[in-house]
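Participant: Following is a predicted model, sequence given first.
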Amino acid sequence: MARHCELTGKKANNAFSISHSHRRTKRLQEANLQEKRVWWPQGKRWVKLRLSTKAIKTLQSKGLEAMAKEAGINLHKC
């Protein structure tokens with residue numbers, strides 16, 4: 001399973017770790033992903049998704065149906 005948000009597509013970012021002497025070494029900044037069960041009212045069931053915390057906050061305002069439609073996800077298969 002790839003480490004990316006299923007609704008927003010957010011994934012890891014390449015960055016540098018910078019030491020006190022300013023040596024730079026490559027590292028990954030991972031997205032803050034959470035395994036979340038979300039109630040889907042139209043389907044009358046729980047849907048299990050891997051979401052970023054930003055997507056969870058947006059989900060509360062927009063709703064699951066609207067965000068899944070934007071992302072092109074079929075909730076019947078989740």
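Facilitator: Sure thing, it's come through. Numbers count the residues shown, from 1 in each chain.
Participant: Was I right to think Glu30 contacts His4?
Facilitator: No - using CB atoms under 8 Å, Glu30 is not in contact with His4, being 10.1 Å away. C-beta: built from backbone N, CA, C; applies to glycine.
Participant: more neighbours, those two?
Facilitator: Regarding Glu30 and His4, a neighbour count based on other CB atoms under 10 Å identifies His4 as having more, with 15 against 10.
Participant: who touches the more buried one in this structure?
Facilitator: Residues in contact with His4, defined by CB atoms under 8 Å, 6 or more residues apart in numbering, are 10-11, 31, 33, 50.
Participant: change it to 7 Å
Facilitator: With CB atoms under 7 Å, 6 or more residues apart in numbering as the criterion, the residues that contact His4 are 10-11.
Participant: For this structure, which segments count as strands?
Facilitator: Across the chain, reading from the start of the chain, the strands by DSSP state E fall at 13-18, 24-29, 33-40, 45-52.
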